[in-house]
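Chemist: Got a sequence here, can you model it:
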Amino acid sequence: MAKKSALAENLEYCALRTFCALANAIPYRVAIALADAIGFIATDVAGLHRRRTLERLRSVFPDRGRRELGRISRRSFANLLENGVEMMRAHRFDREWMDRHVVDGKLYKDRLQKYVDEGKGVVIMVPHSGNWYMAAWSMAKYGLKLFSIAAKQRNSKIDAWMKRQYGDIEVLERGSARTLVDIRRKLESGRAFAILPDLRAPAEDVEVDFLGGKANVSHAGAMFAVRSGSPIVVAMMRRECGRHVFDHIGTLRPDPSAADRRAEAERLTKAAMAMLDERIRKYPEQWFWYNKRWILQPVKAKGKKK
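Modeler: From the prediction side, this is the model:
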């Protein structure tokens, strides 16, 4: 990963802190309403990635009209901007804030805690929907000992800022061999591991049917569960009437008698993605349709020439 120049880092960081100051200078509801308005202008007026997004939505929902697909597209982008507002204000979110803005947050934390109390940890798979960060922030504020992984940002100052915004969540750096060891040890010590399934794993991995196409999904999250004997909770965070809902979709458990661990991890991965497929179709406006890293495209198989 190429290192940015000091000038580029400083300019980017100054821009970020300027937006942070603006997002924190106005009331939360006003900031969210402003994000909604910008989302409308970007998608319906400026047409930002509109054609690509509508084509993707039409391939998944061929029976829905253009107006409905436009609404999903608009809400999806506005949701992304709202996530940005909440990331900038994350340091202000305490237990009291969660009580007001997360529906039954304590109830869901207690449900997850029961899995943790079994002594083998729990793997929580949450997709890029609603505010996926809020799923972790809320559970951590209610006392769940949560850890996750994240890629290091190219801008070192923004990377340090992101780490501060994660708050009570312990975040390990993705891509390190040491991280893999740490994840397994933390699960075996009875911790909760939050992971977002990556639909474009860089190497050929588990091919799953997803949203009418084929997704190449890493089996790593499920493999941690298989090796540690941890249950897998499949969940979605979604926005509903201005609040956040932690939607527990289902629980999967690895087969302790499975002789082939890789095959068992693949089975669990496919089962988890089937659950997420069903829920995303039910709440499509919550899904992150815009970033082309999550637009389904075939991945080159091993051994094929570029």
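Chemist: need the strands for the chain, in chain order.
Modeler: 102-103, 122-125, 146-150, 170-173, 192-195, 206-210, 213-217, 232-240, 243-252 (DSSP state E).
Chemist: got the angle between the last one and strand 232-240?
Modeler: With axes from the mean of the first three to the mean of the last three Cα atoms, to 10 degrees defining the directions, strand 243-252 sits at 160 degrees from strand 232-240.
Chemist: Direction included, what does strand 243-252 pair against?
Modeler: If you go by DSSP bridges, strand 243-252 pairs up with strand 102-103 (parallel), strand 232-240 (antiparallel).
Chemist: tell me which residues in it are buried?
Modeler: Applying a neighbour-count criterion of 16 or more other Cβ atoms under 10 Å, one finds H244, V245, F246, D247, I249, L252 buried in strand 243-252. C-beta: built from backbone N, CA, C; applies to glycine.
Chemist: how about the helices of the stretch 51-200 of the chain, start to end?
Modeler: Using DSSP state H, counting those that start in this stretch, the helices of the stretch 51-200 of the chain run over residues 66-88, 95-101, 105-115, 132-141, 156-165, 177-188.
Chemist: Please convert those helices to CSV, extending it with mean neighbour count.
Modeler: Formatted as CSV, the helices of the stretch 51-200 of the chain follow (neighbours: other Cβ atoms under 10 Å):
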stretch, mean neighbour count
helix 66-88, 19
helix 95-101, 13
helix 105-115, 17
helix 132-141, 24
helix 156-165, 15
helix 177-188, 15
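Chemist: looking at those helices, which is closest to H49?
Modeler: Smallest distance to H49 across the helices of the stretch 51-200 of the chain (Cβ to Cβ): 8.2 Å, for helix 66-88.
Chemist: From the chain's centroid, how far away is that closest one?
Modeler: Chain-centre distance of helix 66-88: 15 Å, with Cα atoms, centre = their mean, to the nearest Å.
Chemist: Which residues are in contact with the closest residue to I183 other than its chain neighbours?
Modeler: Distance criterion Cβ to Cβ, 6 or more residues apart in numbering; nearest residue to I183, sequence neighbours excluded, is F224 at 5.7 Å. Residues counted as contacts of F224 (Cβ atoms under 8 Å, 6 or more residues apart in numbering) are V123, I183, R184, L187, F193, S230.
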